[in-house]
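**Q** this one's sequence-less:
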Ligand code: FEO
């Protein structure tokens, strides 16, 4: 697919994989984006996932026919982009791999390739004759070897996972679509990149002076007209510029904590507070995680289970912890049968995570009734 005369898309949609990284659901699929930069010489920017060898080679040949690939630029070594490096080397034996020193042992470790590798450093350029590639390191977005490739003649940055998104790209319509992709971009960011907000901020500052007119990420659309929206959204997520609202996540064994959650949500909504409710037993935690990256408050509902927090809720708390989520307003609630511990345990963890415990929490014995559980009281600090 043609992005410009010199830049072609040779990636593909994956509508078969159920779980990205065997963890994150893909209800709308995902794309693995790879690009050719065609000058006097030809560079391929990243590859694709292992299952797509035939489509990938066919896409490349459709664009360049019998011409050869001279360089394979490796921006990132996660196997959704690196799995076909050895295939490219086999098909184009003289192709030089161009990457930074941190990627070299990974290329050997994953792909068994160690020869004809050109190691580049920060800011170094590679000439393709009538077009240039320049390389900037963005370590820990989200692996240590990550870098971006800049093409000044096209004012295009090949950004790797940065500015990427879950969700397959529409056939024949690869450019822009921020509103359509924002939710899945947020879930991708929260799930995959979210731990590395500080390094994302450093990367944004590094590429800011480039006067970018096109972003070609490794997942999701190519960004042209909507660059400011996408960069602004990434800036908000990585700098934790939060919106007022509540991510209300809960787990429930027999429906009592669920009823309490619904009563809290109704109270918040009655008072026009944005409340995004997630049942952690029914949906993957990445959906709640995305809202936890957007809103300034988190309310968790958990029954007491084995004298502790109900495991699906603890898994969500652990996911927040693992990503360094902090500075949220917090409250917890939940049911118990003979001894309630979940609220106290969640509050303790919230304090460790630098959350502000806005309400000490409410627990109730056995079945839910509005008399036992005062939703108005627990919702009040969030209104
Ligand atoms: Fe899309 Fe970090 O790989």
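**A** That came through, no problem. Keep in mind that what you see is a predicted model, and the values were worked out from it rather than measured.
**Q** Would you confirm that residue 373 belongs to a strand?
**A** No. Applying DSSP: H, G, I helix; E, B strand; the rest coil, one finds residue 373 to be coil, outside a strand.
**Q** how many neighbours does it have?
**A** 22 (other C-beta atoms under 10 Å). C-beta: built from backbone N, CA, C; applies to glycine.
**Q** okay but it is in contact with residue 364, surely?
**A** Yes. Between residue 373 and residue 364 there is a contact under C-beta atoms under 8 Å: 4.8 Å.
**Q** got any residues that touch both of these two?
**A** Among the neighbours of residue 373, those also in contact with residue 364 (C-beta atoms under 8 Å, 6 or more residues apart in numbering) are residue 260.
**Q** nearest spatial neighbour of the residue in the stretch 151-300 of the chain that the ligand sits nearest to, skipping sequence neighbours?
**A** Nearest to the ligand in the stretch 151-300 of the chain, going by C-beta to the nearest ligand atom, is residue 161, at a distance of 4.4 Å. Leaving out its chain neighbours, the residue that sits closest to residue 161 by C-beta to C-beta, 6 or more residues apart in numbering is residue 218, at 5.7 Å.
**Q** Ok, residue 52 next?
**A** Using C-beta to C-beta, 6+ apart, the closest residue to residue 52 is residue 12 (5.3 Å).
**Q** Spit out the contact partners of the residue of the stretch 1-150 of the chain found nearest the ligand.
**A** Nearest residue of the stretch 1-150 of the chain to the ligand, counting by C-beta to the nearest ligand atom: residue 78, 3.4 Å away. Going by C-beta under 8 Å, 6+ apart, residue 78 touches 143, 161.
**Q** Now with 7 Å, please.
**A** Contacts for residue 78 (C-beta atoms under 7 Å, 6 or more residues apart in numbering) come out as residue 143.
**Q** Repeat that for residue 331.
**A** So residue 331 contacts 299, 357, 358, 359, 361, 378 (C-beta under 7 Å, 6+ apart).
**Q** most neighbours, which of those residues?
**A** residue 299 (28 neighbours).
**Q** and the helix or strand encompassing that residue, how far out from the chain's middle?
**A** Using DSSP states H and E, residue 299 sits in strand 295-301. Averaging C-alpha positions (C-alpha atoms, centre = their mean, to the nearest Å) puts strand 295-301 20 Å from its chain's average.
**Q** What of stretch 197-205?
**A** 14 Å.
**Q** And for stretch 90-105?
**A** 26 Å.
**Q** how about that stretch against the ligand, any contact?
**A** No. If you take C-beta under 6 Å from any ligand atom as the test, stretch 90-105 misses the ligand, and the best it gets is 12.5 Å.
**Q** who touches that stretch?
**A** 57, 68-74, 77, 88-89, 107, 113, 116-120, 126, 137, 144-145, 147.
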